[in-house]
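J.: With the sequence up front, the predicted model follows.
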Amino acid sequence: MVAHKNVSLEGGLNFDLGKEKELLRQNIRAFVERECPREYVRELDEREEYPERIWQKLAEYGFLQLPVPESYGGIGGDIVDLAIVTEELARRSGAIALTFWMSACFGAMTLNLVGTEEQKRRYLPLLAEGKIKFAISLTEPDGGTDVAGAMKTRAVEDGDGYVITGQKVWTTAAHVSDYLIVFARTNENVAKRVDGISAFLVDRRTPGITLRKLEKIGIRATPSFEVFYDQVRVPRENLLGERDKGLYQLFGMLNEERILTAAMCVGEAQGAFEDALAYAKQRHAFGKPIGQFQAIQHKLSWMYTKLELARLITYKAAWLQSQGRDCALEANMAKLVAANFGFEIADMGMQILGGYCYSREYDMQRYWRDVRLHRVGPISDEMVLNFIGERLGLPRSY
Ligand SMILES: Cc1cc2nc3c(=O)[nH]c(=O)nc-3n(C[C@H](O)[C@H](O)[C@H](O)COP(=O)(O)OP(=O)(O)OC[C@H]3O[C@@H](n4cnc5c(N)ncnc54)[C@H](O)[C@@H]3O)c2cc1C
């Protein structure tokens, strides 16, 4: 074959994860089978109970070391590693996956990106050991999309620190978190509303903080809370990053956030697909397994195909990010595709289960409830589409 002898692929296309990452996938999959039995995960959801035992096991097995750099007691995994762990956890439980990525990954990323050396030394080793947890307290009752425009929470300088007053909503796992990463306005005199907001690391036990649990339909084992901040004193050294630049710091982590959200959706969709396939093989109607009916088979074929597409774009985005290449478009598309296909897959799974889709004794309804979140949070479909539109050279629509 001489036709292409001068063409060099320079490594070319390669969809293999590689030995180390395959091993990581096997390890986390085995972990889930051993430590997160289905019945236990179902009970956590029913009782809205935070998976503390599993968090501790994740630490014990070293998975919480992945987001933390080696110099601070971690392993320093890349975003592909984090996506693999998130996906495999979500395959069993969105709530467990969410606590991994929100507390461990987001906590570590924030500190890595903007923390002072002192903050990194103090908190990152504890995070890697599972001894502390973080929650993100950004969204306010008046708006999560236009978060800068809606932000009423204020942090006022006072002596050797700041005093925070305001209210947040949807702060997930606030009740078990040691630190809340709170965003508050520190400057009113700004040209743009995204300016003048700062991030603080707030000890959850500080006087003036009260929580009210929200009644939500999915991801129930990691409850979400309204958090009220009434004159909460925060020492100056707990400012995270540069004052007045808090939202820009957050923007610096958006690709990771989109990618890990997409990985969660892929995992939830995988769980739903596997349950639907098994059900189609064993459930009979008219003397045949229902999987023999074309209507059911076609659904399963679509589910599998959409799952593969969602996984491909998710890992493409993760790989680009791990190579330090621009992946904003891919990360957003991955989140869009994985959230929408994920929900469609779970919805087809519901149909395949017939009446049993409505039974809480089957996990399908849990996957369906859980994956629906990601069409609105942490960012909505509409805002992702706005972003893609702008990248196509179209004018900003808002
Ligand atoms: C279960 C759950 C857990 C969460 N966990 C956390 C957490 O831990 N920490 C945290 O800070 N927040 C958290 N959130 C909040 C989440 O990030 C917000 O709900 C989300 O950003 C949407 O904000 P909103 O609910 O205020 O909707 P809105 O901002 O009120 O939006 C309402 C609708 O208007 C659309 N819209 C708004 N602006 C535009 C526009 N310019 N163009 C087109 N459409 C637009 C939106 O897409 C949406 O469909 C959580 C939410 C949920 C449901």
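T.: Thanks, I have the structure now.
J.: contacts, neighbours, all on C-alpha from now
T.: Fine.
J.: Tally up the residues packed near Glu20, please.
T.: Counted with other C-alpha atoms under 10 Å, the neighbours of Glu20 add up to 10.
J.: Next, the contact list for Val234, please.
T.: Neighbouring residues of Val234 by C-alpha atoms under 8 Å, 6 or more residues apart in numbering: Gly161, Tyr162, Val163, Ile164, Phe200, Val202.
J.: And the average pLDDT for the helix or strand where the last one lies is what?
T.: Val202 is part of strand 197-203, with elements assigned from DSSP states H and E. Averaging pLDDT along strand 197-203 gives 98.
J.: Offset the numbering so it begins at 118, please.
T.: Okay, residue one is now 118; in that scheme the one you just asked about reads as strand 314-320.
J.: Direction included, what does the helix or strand just after it pair up with?
T.: On the C-terminal side of strand 314-320, the nearest following helix or strand under DSSP H and E is strand 326-330. Paired with strand 326-330 in the same sheet, following DSSP bridges, are strand 341-352 (antiparallel).
J.: Other residues contacting the helix or strand that the partner strand is followed by?
T.: Beyond strand 341-352 on the C-terminal side, the first helix or strand identified by DSSP H and E is strand 356-357. By C-alpha under 8 Å, 6+ apart, the residues outside strand 356-357 that reach it are Leu228, Val231, Gly232, Thr233, Ser315, Ala316, Phe317, Leu318, Gly363.
J.: Repeat that for stretch 474-486.
T.: Outside stretch 474-486, the residues within contact range by C-alpha under 8 Å, 6+ apart are 159, 210-211, 334-336, 385-386, 388-389, 392-393, 460, 463-464, 466-468, 473.
J.: Just the buried residues from those residues, in PyMOL please.
T.: Provided next is the PyMOL selection string for whichever of the contacts of stretch 474-486 are buried by 16 or more other C-alpha atoms under 10 Å:
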select buried, resi 159+210+211+335+336+385+386+388+389+392+393+460+463+464+466+467+468
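J.: Strands - which of the contacts of stretch 474-486 land there?
T.: By the criterion of DSSP state E, membership of these in strands covers no residue at all.
J.: who does the host helix or strand of Leu424 touch, helix- and strand-wise?
T.: With elements delineated by DSSP H and E, Leu424 resides in helix 411-439, which encompasses its position. In terms of contacts (3 or more C-alpha pairs under 8 Å, 6 or more residues apart in numbering; DSSP states H and E), helix 411-439 is packed against helix 196-209, helix 371-399, helix 445-469.
J.: could you give the angle of the last one to helix 411-439?
T.: I take that to be helix 445-469. Direction vectors for helix 445-469 and helix 411-439, defined by axes from the mean of the first three to the mean of the last three C-alpha atoms, to 10 degrees, enclose an angle of 160 degrees.
J.: Give me the distance from helix 445-469 to the chain's centre.
T.: Taking the mean C-alpha point of helix 445-469 and that of its whole chain, the gap between them comes to 14 Å (C-alpha atoms, centre = their mean, to the nearest Å).
J.: next one: the second one
T.: For helix 371-399, the distance from its own C-alpha centre to the chain's C-alpha centre is 13 Å (C-alpha atoms, centre = their mean).
J.: Run through who's touching the helix or strand that it is followed by.
T.: The element immediately downstream of helix 371-399 (helix or strand, assigned by DSSP H and E) is strand 401-402. Strand 401-402 is contacted from outside by Ile407, using C-alpha under 8 Å, 6+ apart.
J.: Strand partners (parallel or antiparallel) of strand 401-402?
T.: The partner list of strand 401-402 in its sheet, established with DSSP bridges, is strand 405-406 (antiparallel).
J.: which other residues reach the strand it pairs with?
T.: For strand 405-406, the external contacting residues (C-alpha under 8 Å, 6+ apart) are Ala397, Lys398, Gln399, Arg400.
J.: what does stretch 163-180 give?
T.: By C-alpha under 8 Å, 6+ apart, the residues outside stretch 163-180 that reach it are 152-153, 161, 181-182, 213, 217, 245-247, 290, 293, 337-340.
J.: List the contacts of the residue nearest the centre of the chain.
T.: Central residue check for the chain by C-alpha atoms, centre = their mean: the C-alpha nearest the mean position is that of Thr378, 4.2 Å away. With contact set as C-alpha under 8 Å, 6+ apart, Thr378 has these partners: Lys452, His491, Pro495.
J.: Pull the contacting residues for the closest residue to the second one other than its chain neighbours.
T.: Think His491. Nearest non-adjacent residue to His491, counting by C-alpha to C-alpha, 6 or more residues apart in numbering: Ala456, 5.4 Å away. By C-alpha under 8 Å, 6+ apart, the residues touching Ala456 are Ala379, Cys382, Val383, Val488, Arg489, His491, Arg492.
J.: Pull up the per-residue confidence for the third one.
T.: So the one you mean is Val383. Listed pLDDT for Val383 reads 98.
J.: One more: the first one?
T.: With respect to pLDDT, Ala379 scores 98.
J.: Near it, how many residues? Count them for me, please.
T.: Using other C-alpha under 10 Å, Ala379 has 34 neighbouring residues.
J.: So it sits against Ile430, correct?
T.: No. In this structure Ala379 lies outside contact range of Ile430 using C-alpha atoms under 8 Å: 9.0 Å.
J.: Please enumerate the shared neighbours of the two.
T.: With the criterion set as C-alpha under 8 Å, 6+ apart, the overlap between the contacts of Ala379 and Ile430 is Ala451.
J.: Assumed Lys237 was part of a helix.
T.: Yes. Assessed by DSSP: H, G, I helix; E, B strand; the rest coil, Lys237 belongs to a helix.
J.: Pretty sure it sits against Ser188.
T.: No. If you go by C-alpha under 8 Å, Lys237 and Ser188 don't touch, sitting 9.7 Å apart.
J.: The two: who's more crowded?
T.: For Lys237 versus Ser188, neighbours defined as other C-alpha under 10 Å are more numerous around Lys237 (21 against 12).
J.: for the more buried one, what are its contacts?
T.: Residues Tyr189, Leu228, Asn229 are the ones in contact with Lys237 under the rule C-alpha under 8 Å, 6+ apart.
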